[in-house]
Each structure stands twice: as C-alpha cells, then as structure tokens.
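1. Quick check, what structure comes out for this input:
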Amino acid sequence: MKKSGILNRHLAGALAELGHGDGVLICDVGMPIPPGPRVVDLAFRAGVPSFAEVLEGLLDELAVEGATAAEEIREANPEAARLLAGLPGLMHVPHEQLKELTASARLVVRTGEARPYANVLLRCGVFF
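-> Next comes the predicted model:
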C-alpha cells in the first residue's frame, strides 16, 4: 500500500494519464460538471475535503504551467483567491467563461468545498 502522496486510486491513476497541456479542473460542490472529462469526486460532506487541501495535494503531484479562475473569486472568496495567487500564468475570466472552459478539461476533481468560486482550471506543464 502507498504510504505517501495521493492514496485515492482513481485520482492517482487519472493523474498518471495526464500529459503536457491537459486541463485539470478543481471545483467546489456547486460547479456544473460538463459531460466528457473523467471525474473524480472526492466530496465527502460540505467542506470535506476543502479546496485548499485538494489544491495543495494536486500541486505536489503536478507540473503546472498555467491556471484560470473566475474573476469573481477576488471579491466573493478572497481566501481562495490568495491560494491561487502564486500559480504560474494565472488568468482571471468571468465565471460564465470559466464554466465554458471546463468542457476542455481532461480531468475534473470535485472537492467538498461549499464556498463560492472555489474553482480553478490548471494546465499541465512538464517537469523537465
């Protein structure tokens, strides 16, 4: 049994299949999930796991070259906005546009977060 890193077998397998440029959406319980991408639903109950916990865990596992979040996050959820501030190539778009962009994600990871706009679309980079 693995003793470190991501233990969820569905998430670990999905991450291993990602390549350069693939999109990974980390989303809250309220974000509409488009048909098409692989979905790993980690939501256990409201707030568990948190957006922060899932983001931190995925950033430990992924090389990220860009990120997109809703511009509304700055005002509606400043705590989540602070978590995203250091992401490379972070862009902000209107929430409706972010929802449209989620259709291009290869993987959706749903958290138990129940605060507004706790969503980010990551673009995979390469580790070398």
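
2. Beta-bridge partners for the residue nearest the centre of the chain, please?
-> Among the residues of the chain, the one closest to the centroid is Ile26, at 1.9 Å (Cα atoms, centre = their mean). Ile26 has the following beta-bridge partners by DSSP bridges: Val109, Val120.

3. can you tell me which residues contact it?
-> Neighbour list for Ile26: 51, 54-55, 58, 109, 111, 119-120, 122 [criterion: Cβ atoms under 8 Å, 6 or more residues apart in numbering]. Every residue, glycine included, has its C-beta placed from N, CA and C.

4. Who wins on neighbours among these?
-> Leu122 (29 neighbours; other Cβ atoms under 10 Å).

5. which ones are touching that one?
-> Counting by Cβ under 8 Å, 6+ apart, Leu122 touches 23-26, 58, 62, 64, 66-67, 87.

6. All the helices of the protein, residue numbers only.
-> 9-16, 51-61, 73-76, 78-84, 95-101 (DSSP state H).

7. Minimum distance to Gly36: which of the ones you listed has it?
-> Distance to Gly36, taken as Cβ to Cβ, is lowest for helix 95-101 among the helices of the chain, at 12.7 Å.

8. what does that closest one contact?
-> Applying Cβ under 8 Å, 6+ apart, the external contacts of helix 95-101 come out as 23, 31-32, 68-72, 93, 117, 119, 121.

9. Now do the buried residues in that helix.
-> 95, 98-99, 101 (16 or more other Cβ atoms under 10 Å).

10. Dump the helices of the chain to CSV, plus mean pLDDT and distance to Arg38.
-> Below are the helices of the chain laid out as CSV (pLDDT from 0 to 100; distance: least, Cβ to Cβ, whole Å):
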stretch, mean pLDDT, distance to Arg38
helix 9-16, 94, 5
helix 51-61, 96, 14
helix 73-76, 97, 24
helix 78-84, 97, 23
helix 95-101, 96, 17
